[in-house]
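Trainee: A predicted structure for the sequence below; I have some questions about it.
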Amino acid sequence: MSKNNKIIAGICGAVVAIAAIVAVVVVVVNNNNNNGNSNNGGSSETRSNPIVGRWKYTDSDLGDLGIEFIYTFNSDGTGDYDMSGTKMPFTYTTDGSKLTINYDSGPFETEYEINGNILNVKDSGGSDTLYKKI
């Protein structure tokens, strides 16, 4: 190999190495920006999974008792169901319109839909229960 070819090969190798380093830096920076460390509206999980947050339902059939039911869905797949101060922790998954909540007592599978700030969950009897985002 001639001296000029060795220089060209060396330059090409350096360019490839620099490109690889730049690619790694771009991936690391992009990853850090998507972990909720920026002020652009929360973590990427919150934006990609709209169920994340707190949702409240007040049972109007119970009159003036004001009994509230609050679902809290965390971005890590955990949460709790608060029935006027009595909390039941759970883990959950979503798959399309299917919501699976795993309480200590066992799983609860249901259909759900989110329209703006309203979470519609089918109760165990198949009726709609509307929770408002809080």
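Mentor: Cool, got the structure. Just so it is clear, the structure is predicted and the values come from calculations on it, not from any experiment.
Trainee: can you get me the start-to-end distance on stretch 84-103?
Mentor: From its first residue to its last, stretch 84-103 covers 17 Å (Cα to Cα, to the nearest Å).
Trainee: also stretch 55-72?
Mentor: End-to-end distance of stretch 55-72 (Cα to Cα): 6 Å.
Trainee: cool, and stretch 58-75?
Mentor: 24 Å.
Trainee: so for it, mean pLDDT?
Mentor: Averaging pLDDT along stretch 58-75 yields 81.
Trainee: how about stretch 78-97?
Mentor: If you average the pLDDT over stretch 78-97, you get 95.
Trainee: one more: stretch 119-127?
Mentor: Predicted confidence along stretch 119-127 averages 89 (mean pLDDT).
Trainee: what sits against residue 80?
Mentor: 71, 72, 87, 88, 89, 90 (Cβ atoms under 8 Å, 6 or more residues apart in numbering). C-beta here means a position set from N, CA and C on the backbone, and glycine is covered the same way.
Trainee: now the helix or strand containing the fifth one: buried residues?
Mentor: The one in question is residue 89. Element membership for residue 89, per DSSP states H and E: strand 86-95. With burial defined by 16 or more other Cβ atoms under 10 Å, the residues of strand 86-95 counted as buried are 90, 92, 94.
Trainee: returning to that earlier point: need the contacts of residue 80 in a markdown table with distance to residue 119, can you?
Mentor: Formatted as a markdown table, those follow (distance: Cβ to Cβ, whole Å):
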| residue | distance to residue 119 |
| --- | --- |
| 71 | 7 |
| 72 | 12 |
| 87 | 18 |
| 88 | 17 |
| 89 | 19 |
| 90 | 15 |
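Trainee: between those, which is nearest residue 130?
Mentor: residue 71 (11.8 Å; Cβ to Cβ).
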